[in-house]
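Provide a 3D model corresponding to the input given below.
(one chain, ligands or ions: 2)
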Amino acid sequence: MIERTLVLIKPDGVARGLIGECVKRFEQRGLKVVGMKMIRPDAKLVGDHYTDDLEWLTSVGRKTKVSYEKKGMKMDKPDVEIGRYVRKWLMDYLASGPVVALVLEGHHAVEIARKLCGDTEPRVALPGTIRGDLSVESYMIGDEKQRPVKNVVHASGSVKEAESEMKVWFSENELCSYERVDWAAIH
Ligand code: CDP
Ligand code: MG
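Residues are numbered from 1 along each chain as shown. Ligands and ions are numbered 1, 2, ... in the order given. Next up is the predicted model:
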């Protein structure tokens, strides 16, 4: 099942010189780069990326609540409200420097790109993943510094999310079609 997914190398990944390292991992796993560009995103673009979508806000808010509960801190606010707060932080983080945006194509592209990125919190991300190999950042450090978890990359969470996110960053004519000759041997 060939899919497309959106990956971003976030400002911390670009600033740390990790563009090549990240792209290499996606390519060597067998995903085809069909779109790639560097952008300094403005407020509108990051707002379109982290949409005001209730489902997503609830899920991000829930994640934040759980991480606070693990530290023995209780948050009484509804998940959505916490999600809105986190969204504001995220928009500032993503707009803080240049970002490299990629569209990757391949079998199970959404699932595979997510796995290569690893857990949202680099501290618990498994070795072998981008976040697990290249960072020890944690929710705790983010909270202390009053900013989101810097986790090098973003990858769409579902096929539906990928479809809407790709439209935010790329127009159809910016995507290229070509053969990955190794696919004939892999698949
Ligand atoms: O990026 P991923 O899909 O793994 O996580 P998400 O739940 O969609 O959250 C988006 C981004 O928000 C994460 O990649 C983190 O940078 C940040 N985040 C955070 O800093 N603190 C949280 N409690 C939740 C998310
Ligand atoms: Mg996500």
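
hey, let's count contacts and neighbours off CA atoms from now on
OK.

buried set for stretch 135-146?
Residues of stretch 135-146 classed as buried: 137-140 (neighbour count, 16 or more other Cα atoms under 10 Å).

likewise stretch 48-67?
Neighbour counts over stretch 48-67 (16+ other Cα under 10 Å) mark 49-51, 56-58, 60-65, 67 as buried.

can you check stretch 31-46 too?
Of all the residues in stretch 31-46, those buried under the rule 16+ other Cα under 10 Å are 31-36, 41, 45-46.

quick one: terminal-to-terminal distance for that stretch?
End-to-end span of stretch 31-46 (Cα to Cα, to the nearest Å): 25 Å.

any idea which element residue 136 lies in?
Using DSSP states H and E, residue 136 is not contained in any helix or strand.

looking at the buried residues of stretch 48-67, which is nearest ligand 1?
residue 64 (3.5 Å; Cα to the nearest ligand atom).

show me the contacts for the closest one.
The contact partners of residue 64, by Cα atoms under 8 Å, 6 or more residues apart in numbering, come to 82-83.

sec struct for it, please.
What DSSP: H, G, I helix; E, B strand; the rest coil gives for residue 64 is helix.

try residue 114
helix.

now it. Nearest residue, chain neighbours left out?
residue 155 (5.7 Å; Cα to Cα, 6 or more residues apart in numbering).

got phi/psi on that neighbour?
phi -140, psi 140 (degrees, to the nearest 10).

beta partners of it?
residue 7 (DSSP bridges).

thought it was touching residue 112?
No - applying Cα atoms under 8 Å, one finds residue 155 not in contact with residue 112, separated by 9.6 Å.

neighbour-wise, which of these two wins?
For residue 155 versus residue 112, the count of surrounding residues by other Cα atoms under 10 Å is larger for residue 155: 26 against 18.

out of the buried residues of stretch 48-67, who's near ligand 1?
60, 63-64 (Cα under 6 Å from any ligand atom).
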